[in-house]
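Asks: Attaching a predicted model along with its sequence, questions to come.
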Amino acid sequence: MSSSRLGVMLLVVLMVTNMGLAWSSEAADRPNLLLILADDLTWRDVGFVGNAEVKTPHLDQLASQSMHLRHMFVSAPMCAPVRSALYTGLYGVRSGAYPNHSRTHSGTRSIFTHLKAHGYRAGLQIKQHVAPRQTFDYEYLGGGHFDFEVTRAFITRDPQQPWMLVFASNFPHVNTWGRVVPQQLRAHFDADQLTVPEYLVDTPETRDKLVSYYAALLALDNQVGELMKMLEETRQVDNTLVIFHSEQGCSLPYGGKWSLYDNGIRNTALARWPGRIPKGSTADALLQDVDLAPTFLDAAGVDPTTIDTGRPDADGNTGFDGSSFLDVLLGETDHHRDYVFAQHTTVVVHGFREPYPIRSVRDSRHKLIHNISHDNTFWIRGIHVASPIDSWRQAAEDDAEIAARVRWLSHRPEFELYDLQHDPLETNNLADHSDHAQIKQRLKTQLDAWMRQQGDDGLETELQAPSRRPGG
């Protein structure tokens, strides 16, 4: 072999070796990304937030190692819109996934595609509830609630390649209460001894539902424990950014689901990244579900401002609706947003009677809710037909206060304004108070601007919801 040919071969070997070393170094510098999603969990209902009735040791331990994001919000109070917003970084009306059981517009891209383009493998386990797969290009690991062998296989497949995994639990969704939750978990609770949250009506049926709901929450806590144990056993704790995110509130009346009150759209959220995120810390910055995808990209070393989401807003911009809050996680600031926004679409929800579009805007203290078709009746199966509402109606026959609360579940004024600092359960509507007129107008101006940016026409958008179903 000639010396010149040998020199070329050595050069090629050296180049390939250097590329491999560079890839290994880059992979080592980029964190794995684990998003743990709860399903229909009211933000107040875990131990470390203050619910003494529910013992969640694994979540409590994770909280002690994490930053508690105390003001994280979702942009809709239903599963599919929340998940689409988390994965795309876009609000639902813009992406097209604003009703429940919905799909994004063709061409919309998600965090799975963005990260795969930068060398990550991207997977999702258990609950999907997003469409189409062209947008959500994840590797589906399966739907077993306690099948952690597929999880382990995914996160250990190739030590040289960073990964993103969404562990999308079904707990504590109401559909798991009687069929999936191990019955021994119900034994942790005595219905007669429970402290019923003040926003619920205390009836035997309510207490029975709370036992089932809390038992499902314990099942979620066990899943979190298994995931954290697995990261320890595979020695991936230090290089994994873990986000725990609680989705919207539970399906009990006033538990939050299908409403834009804080029980519906405020989250329990934790972020752990050893050596980077101060453990046991808290952040009060206003954060939103659409901010998560840009944050994950930022942590992975990808500039989120360069991303084309594939879906323009009303001004033709194709970037994210959200922005990275990595600086909040790293303790560099405690401010991110001035406002968070949300929408609810009743059309296509099981058992709806009349269109009832709802929009909201919230700052750090006040919230404005616009019930656009307030003359209609808000009525869906999950609130107005499912237990325990019949027991509430019976209790209302002899109690005017309970009767007023039951009526509020179906009939509300056009505008609601709340001072959350003094009224955290949103029971005192200030919308018609003259001393709050400027606050109301400021928030309405922000809400109107957001709706315009999203291409949201209120009732007309609500009526188009059936076209957003998969295959619609």
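Replies: Done, it's in.

Asks: can you map out the strands along the stretch 151-300 of the chain?
Replies: 163-168, 240-245, 269-272, 281-283, 287-288 (DSSP state E, counting those that start in this stretch).

Asks: could those be laid out in a markdown table, adding mean pLDDT, distance to Ala63 and mean neighbour count?
Replies: (Glycine included, C-beta is placed from N, CA and C.) Shown next, in a markdown table, are the strands of the stretch 151-300 of the chain (pLDDT from 0 to 100; distance: least, C-beta to C-beta, whole Å; neighbours: other C-beta atoms under 10 Å):
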| stretch | mean pLDDT | distance to Ala63 | mean neighbour count |
| --- | --- | --- | --- |
| strand 163-168 | 98 | 17 | 23 |
| strand 240-245 | 98 | 8 | 24 |
| strand 269-272 | 98 | 6 | 24 |
| strand 281-283 | 97 | 10 | 17 |
| strand 287-288 | 98 | 16 | 27 |
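
Asks: Out of the ones you listed, which gets nearest to Gln441?
Replies: Gln441 sits nearest to strand 287-288 of all the strands of the stretch 151-300 of the chain, at 22.7 Å, using C-beta to C-beta.

Asks: Only C-alpha atoms, please: export stretch 427-444 in CSV.
Replies: C-alpha atoms of stretch 427-444 as CSV (Å, rounded to 0.1, in the frame of the first residue of the first chain):
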residue,chain,number,x,y,z
THR,A,427,-66.6,33.1,44.6
ASN,A,428,-66.9,36.9,44.6
ASN,A,429,-67.5,38.3,41.1
LEU,A,430,-66.2,41.8,40.9
ALA,A,431,-67.0,42.4,37.2
ASP,A,432,-69.7,44.9,37.8
HIS,A,433,-67.9,46.8,40.6
SER,A,434,-67.0,50.3,39.5
ASP,A,435,-63.8,50.3,41.6
HIS,A,436,-62.5,47.4,39.4
ALA,A,437,-63.5,48.9,36.1
GLN,A,438,-59.9,49.7,35.0
ILE,A,439,-58.7,46.3,35.9
LYS,A,440,-61.5,44.7,34.0
GLN,A,441,-60.8,46.9,30.9
ARG,A,442,-57.1,46.2,31.0
LEU,A,443,-57.6,42.4,31.1
LYS,A,444,-60.3,42.5,28.4
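
Asks: Buried residues in it, which are they?
Replies: 429-431, 436, 439-440, 443-444 (16 or more other C-beta atoms under 10 Å).

Asks: tell me which residues in the longest helix along the chain are buried?
Replies: Assignment by DSSP state H gives helix 204-233 as the longest helix of the chain. For helix 204-233, a neighbour-count test (16+ other C-beta under 10 Å) marks 205-225, 227-228, 230-231 as buried.

Asks: Next, the closest residue to Asp291 other than its chain neighbours: secondary structure please.
Replies: Closest residue in space to Asp291, ignoring its immediate chain neighbours: Gly322 at 3.8 Å, by C-beta to C-beta, 6 or more residues apart in numbering. Taking DSSP: H, G, I helix; E, B strand; the rest coil as the rule, one finds Gly322 in the coil state.

Asks: got the angle for the longest helix of the chain vs strand 163-168?
Replies: 160 degrees (axes from the mean of the first three to the mean of the last three C-alpha atoms, to 10 degrees).

Asks: Can you work out which other helices and strands pack against helix 204-233?
Replies: In terms of contacts (3 or more C-beta pairs under 8 Å, 6 or more residues apart in numbering; DSSP states H and E), helix 204-233 is packed against strand 32-37, helix 57-64, helix 148-155, strand 240-245, helix 389-396.

Asks: so which of the ones you listed comes closest to Ile369?
Replies: Between the helices and strands packed on helix 204-233, helix 389-396 lies closest to Ile369; by C-beta to C-beta that is 21.6 Å.

Asks: Now stretch 202-217 - C-alpha only, CSV.
Replies: This file holds the C-alpha atoms of stretch 202-217, laid out as CSV (Å, rounded to 0.1, in the frame of the first residue of the first chain):
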residue,chain,number,x,y,z
ASP,A,202,-70.5,17.4,51.4
THR,A,203,-72.7,14.4,50.6
PRO,A,204,-72.0,10.7,51.0
GLU,A,205,-71.8,10.4,47.2
THR,A,206,-69.1,13.1,47.2
ARG,A,207,-67.1,11.4,49.9
ASP,A,208,-67.3,8.1,48.0
LYS,A,209,-66.0,9.8,44.8
LEU,A,210,-63.2,11.4,46.8
VAL,A,211,-62.0,8.0,48.0
SER,A,212,-61.9,6.7,44.4
TYR,A,213,-60.1,9.9,43.2
TYR,A,214,-57.6,9.9,46.0
ALA,A,215,-56.9,6.2,45.5
ALA,A,216,-56.1,6.9,41.8
LEU,A,217,-53.8,9.7,43.0
